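Engineer: how does the following fold in three dimensions:
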Amino acid sequence: MPAPHASDPARSRGRLHAEPESPLRTAFARDRDRLIHSTAFRRLRYKTQVFVAPDGDHFRVRLTHSLEVAQIARTVSRALGLDEDLTEVVALAHDLGHPPFGHSGEDALTRAMAPFGGFDHNGHAVRILTVLENRTPDHDGMNPSWEVLEGIAKHNGPVLAPGWALAAANAAFDLELSTHAGLEAQVAALADDIAYNAHDLDDGLRADLIELDEACAEVPLIDTLWRAVLARWPRETRRSRLRPQLIRDLIGVMVESLLAETRDRVARIAPKSATDIRLANRPTADFTPAMIADIAPLRSFLKRAMYLHPDVQRLREPAEQIVADLFEQLANCPFRLPDRWAEQCRMQKDSPWPERITGDFIAGMTDRYAIRKHRELTGCSPMPEAERFF
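Structural biologist: Numbers count the residues shown, from 1 in each chain. So this is what the prediction gives:
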């Protein structure tokens with residue numbers, strides 16, 4: 001039975017463009033299905049999570065990360081009596097607005113867009129859903145439910161100073177940016193934390209960027225969990241068989257902590273509706289204080305040992321140069337954009353719109369398309385030969 005504070009698709013605040021309801025699916029289920037069938041979602045297959053254009057078949061990319069976040073989020077949502085479809089669509093869409101090359105690409109695009117209103121991946125995700133991903137001749141965008149847009153805009157908390165893209169969406173469809181999101185979106189945000197903490201550790205170990213003994217020495221939580229795994233299988237000497245269990249157990253303890261703290265906060269708030277969650281003066285979903293303390297050394301370890309590892313960092317400068325060069329080449333010569341984008345620039349020829357449209361185009365690129373397009377425009381590539389797989 002749904003919790004009284006769960007979002008109810010039958011009482012959704014609706015869509016920007018009215019449309020008939022489906023006899024087969026709830027409003028939130030339709031939003032999830034539209035997202036899964038979208039071009040923007042498919043492009044996540046070739047967008048960086050940590051590794052640029054990874055040549056290993058088993059490393060996470062934005063698409064696989066989003067699927068893993070959605071699985072964790074849906075499990076937690078079910079345990080809390082929330083709407084699973086809404087939780088899932090927010091989880092699947094949470095990285096939709098990221099440009100190519102992960103944080104390196106976003107940093108470069110943010111700098112390039114600074115004179116034209118800047119760039120924010122959450123705002124861009126909302127822009128994709130409301131303007132850029134056109135699935136029908138009736139209107140721009142995918143016309144998602146209010147709760148979906150609110151969840152994507154605010155899953156990390158209230159937004160008091162929205163960028164231009166989110167501000168424009170909010171002006172058309174008030175998302176109440178100063179309040180918290182519904183609990184489904186809050187759960188999706190914490191599921192993201194769980195997924196990248198566990199899976200970045202897994203990818204780092206798989207890539208031999210970090211050593212398990214080093215992780216145990218620096219992160220007490222990992223040491224405790226690893227010792228427990230060894231105690232349960234004392235005769236198993238193959239770390240390749242034991243390591244997946246460590247990752248499973250890490251996810252498990254974080255999920256248990258999230259459920260315990262969230263249930264405790266719900267009991268204290270005693271919400272009678274989803275609105276009560278939005279109006280609470282603090283997040284309702286969170287980890288226990290003890291788990292927050294346990295996760296902090298893991299975050300620090302991953303940053304030092306993996307994200308700042310020379311093999312990862314050596315591609316940061318080339319990735320940033322590619323994005324910066326693409327923006328300079330295309331913003332200064334919009335006729336070099338594909339026809340659809342060049343036509344938009346002609347229709348909105350006054351700055352900052354040609355530059356913003358150029359930013360939209362670049363943000364939608366996959367890693368490999370950005371590398372290929374840069375080489376097409378400049379005749380060369382700063383990306384090391386080993387990373388050019390095309």
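
Engineer: next one: the one helix or strand residue 312 maps to to chain centre, how far?
Structural biologist: Assigned by DSSP states H and E, residue 312 falls within helix 310-313. Taking C-alpha atoms, centre = their mean, to the nearest Å, one finds helix 310-313 lying 22 Å from the centre of the chain it belongs to.

Engineer: show residues contacting that helix.
Structural biologist: Helix 310-313 is touched from outside by 50, 51, 207, 209, 306, with contacts defined as C-beta atoms under 8 Å, 6 or more residues apart in numbering. Every C-beta, even on glycine, is put in place using the N, C-alpha and C of the backbone.

Engineer: residue contacts, the residue nearest to the last one when sequence neighbours are not counted?
Structural biologist: Which is residue 306. Leaving out its chain neighbours, the residue that sits closest to residue 306 by C-beta to C-beta, 6 or more residues apart in numbering is residue 204, at 4.2 Å. With contact set as C-beta under 8 Å, 6+ apart, residue 204 has these partners: 210, 302, 305, 306, 309.

Engineer: how much space between residue 204 and residue 47?
Structural biologist: Residue 204 sits 19 Å away from residue 47, taking C-beta to C-beta, to the nearest Å as the criterion.

Engineer: ok so, going back, next helix or strand past the helix holding residue 312?
Structural biologist: helix 316-332.

Engineer: packing partners of that following helix?
Structural biologist: Where contact means 3 or more C-beta pairs under 8 Å, 6 or more residues apart in numbering; DSSP states H and E, helix 316-332 is packed against helix 102-113, helix 353-363, helix 367-378.

Engineer: mind listing what's buried along the next helix or strand along the chain from that helix?
Structural biologist: Sequence order places helix 339-347 as the next helix or strand after helix 316-332, per DSSP H and E. Within helix 339-347, the residues that qualify as buried are 341, 342, 344, 345, counting by 16 or more other C-beta atoms under 10 Å.

Engineer: what ranges does the stretch 151-300 of the chain have for its helices?
Structural biologist: 164-172, 183-206, 212-218, 220-232, 239-269, 274-279, 289-302 (DSSP state H, counting those that start in this stretch).

Engineer: can you list those helices in a markdown table and add distance to residue 149?
Structural biologist: Formatted as a markdown table, those follow (distance: least, C-beta to C-beta, whole Å):
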| stretch | distance to residue 149 |
| --- | --- |
| helix 164-172 | 7 |
| helix 183-206 | 10 |
| helix 212-218 | 38 |
| helix 220-232 | 35 |
| helix 239-269 | 23 |
| helix 274-279 | 14 |
| helix 289-302 | 29 |
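
Engineer: quick one: which of the ones you listed is nearest residue 75?
Structural biologist: Closest approach to residue 75 among those (C-beta to C-beta): helix 239-269, 7.0 Å.

Engineer: report the angle between the closest one and helix 289-302.
Structural biologist: Calculated by axes from the mean of the first three to the mean of the last three C-alpha atoms, to 10 degrees, helix 239-269 forms an angle of 140 degrees with helix 289-302.

Engineer: so what's the gap between helix 239-269 and the chain middle?
Structural biologist: 20 Å.

Engineer: show me what counts as buried in the least confident helix or strand in the chain by mean pLDDT.
Structural biologist: Within the chain, confidence by mean pLDDT, DSSP states H and E is lowest for helix 310-313 among all helices and strands, at a mean of 87. For helix 310-313, the neighbour count (16+ other C-beta under 10 Å) marks residue 312 as buried.

Engineer: outline the domain layout of this protein.
Structural biologist: 22-172, 193-310, 316-387 (automatic domain parsing).

Engineer: quick check: phi and psi at residue 7.
Structural biologist: phi -70, psi 130 (degrees, to the nearest 10).

Engineer: separation between it and residue 190?
Structural biologist: Taking C-beta to C-beta, one finds residue 7 at 16 Å from residue 190.

Engineer: try residue 88
Structural biologist: 14 Å.

Engineer: okay, residue 7 and residue 190: which has more neighbours?
Structural biologist: In this view residue 7 and residue 190 are compared by other C-beta atoms under 10 Å, and residue 7 has more residues nearby, 29 against 24.

Engineer: in the contacts of helix 310-313, which residue is surrounded by the most others?
Structural biologist: Neighbour counts for those were taken using other C-beta under 10 Å; the highest belongs to residue 50, with 23 neighbours.

Engineer: correct me, but that residue touches residue 309?
Structural biologist: No - contact criterion C-beta atoms under 8 Å: residue 50 and residue 309 do not qualify, at 9.6 Å.

Engineer: show me how far stretch 132-148 is from its chain's centre.
Structural biologist: In this view, stretch 132-148 has its centroid 19 Å away from the chain centroid, taken as C-alpha atoms, centre = their mean.

Engineer: among the helices and strands packed on helix 316-332, which is nearest residue 325?
Structural biologist: helix 367-378 (5.9 Å).

Engineer: quick one: buried residues of that closest one?
Structural biologist: Within helix 367-378, the residues that count as buried by 16+ other C-beta under 10 Å are 367, 368, 370, 371, 373, 374, 375.

Engineer: run the chain-centre distance for it.
Structural biologist: The answer for helix 367-378 is 24 Å, by C-alpha atoms, centre = their mean.

Engineer: okay, the angle between it and helix 353-363?
Structural biologist: Taking the same axes, to 10 degrees, one finds helix 367-378 and helix 353-363 inclined to each other by 130 degrees.

Engineer: quick one: low-confidence ranges for this structure?
Structural biologist: Along the chain, the parts satisfying pLDDT under 70 run over 51-57, 385-390.

Engineer: spatially central residue in it, please.
Structural biologist: residue 95 (2.4 Å; C-alpha atoms, centre = their mean).

Engineer: pull the number of nearby residues for the closest residue to that one other than its chain neighbours.
Structural biologist: Spatial nearest neighbour of residue 95, excluding adjacent residues (C-beta to C-beta, 6+ apart): residue 62 at 4.9 Å. For residue 62, the neighbour count with other C-beta under 10 Å is 23.
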